[in-house]
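*Asks:* One predicted model, sequence on top.
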Amino acid sequence: RARELRIGFLSRAAATEVLAIAGAELRASYQGDLQMHSTWSDGRDSVRAMAEACLARGYRYAAMTDHAAGLPVAHGLSVERLRAQGEEIARVNQELHGTFQVLAGVEANIGAGGDLDVTASDRQSLALVVAAPHSGLRDAHTQTTRMLEAVSTAGVHILGHPRGRKYGVRPGVSADWPRVFATAARHGVAIEIDGDPSRQDIDGSLATQAVEAGCLFALDSDAHSVDELWYADLALAHARLADVPVGRIVNCWPLERLRAWLEARSQGQPE
């Protein structure tokens, strides 16, 4: 059982090898990381520090997606604190003088019934919403309905770490993934490949099914500090193993196209 919970994970060395062999185009096209956390929730560095570190990595944009209030263990943000963070993000963008853009986002928690802990009106006030499961991750019963509801919700842009699996600890959500991916593709919701070494969720094998379903993808670090931004490399490596088309990776889009997709999804429309 323990061995099963370690299947589908890459070491940093293996990811580096994958990208060295076949990742040049993807690396050159990657323009920004769309899931990370700051000291506003459970991160260890400020919005400004994360932005400057992303800029140093050659990114053109990033999304700050601290946890919403429904996850108190991660110091989730109330509506008031979320708005205050948005004001700080605006100040950081002004201070960076257009050299880099921080998008104001949130990581919303998917409830047992597929509902989110961020209201429809609050979702529309944000540039980006990552919806992710943080409970029921050891439940062996199928949770297809829960995940279908999440990707069908207006204002959701990315299905974050879809299974919620953890290396050697839990398998995560069980669902009819081809059906979930097909629904996400129809609604224009991107499927995340989360590069956190303990998550790597979804991995290359499941990502292949999402490719076949016609999904968009988001390749993210889920970094909680500047030192963890390299986790994005693991996400990129899984994308290469699954032959994800670069054109379907939202992190590879110029900011103007990314904004157009974000706005369309905020209104409940596909790209």
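*Replies:* The structure has been received and is ready for your questions. None of these values were measured; they are calculated from a predicted model.
*Asks:* Tell me which other helices or strands the helix or strand harbouring A84 touches.
*Replies:* Using DSSP states H and E, A84 falls within helix 79-95. The contact analysis (3 or more CB pairs under 8 Å, 6 or more residues apart in numbering; DSSP states H and E) places helix 79-95 against helix 47-56, strand 101-110. Bear in mind the C-beta positions are built from the backbone N, C-alpha and C, glycine included.
*Asks:* closest to G8 out of those?
*Replies:* The closest of the helices and strands packed on helix 79-95 to G8 is strand 101-110. By CB to CB, the value is 21.7 Å.
*Asks:* Same question for F217, what's its three-state structure.
*Replies:* Three-state call for F217 (DSSP: H, G, I helix; E, B strand; the rest coil): strand.
*Asks:* so it touches A207, yeah?
*Replies:* Yes - between F217 and A207 a contact is recorded at 7.3 Å, counting by CB atoms under 8 Å.
*Asks:* Common neighbours of these two, please.
*Replies:* Contact criterion CB atoms under 8 Å, 6 or more residues apart in numbering; residues shared by F217 and A207: I191, I193, A239, V244.
*Asks:* Verify the contact between the second one and D220 for me.
*Replies:* Yes - contact between I193 and D220 holds when scored by CB under 8 Å: they sit 7.4 Å apart.
*Asks:* so what's in contact with those two at the same time?
*Replies:* With CB under 8 Å, 6+ apart, I193 and D220 have common neighbours A235.
*Asks:* In contact with R165: list those residues for me.
*Replies:* L5, L137, P171, G172, R199, D201.
*Asks:* which ones are touching the residue lying closest to it once chain neighbours are set aside?
*Replies:* Leaving out its chain neighbours, the residue that sits closest to R165 by CB to CB, 6 or more residues apart in numbering is G172, at 3.3 Å. Residues near G172 by CB under 8 Å, 6+ apart: P133, L137, P162, R163, G164, R165, K166, D201.
*Asks:* Buried among these? Need that as a selection in ChimeraX.
*Replies:* Per 16 or more other CB atoms under 10 Å, the buried members of the contacts of G172 correspond to this ChimeraX selection:
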select :133,137,162,163,164,165,166,201
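*Asks:* Alright, that wraps it up for me.
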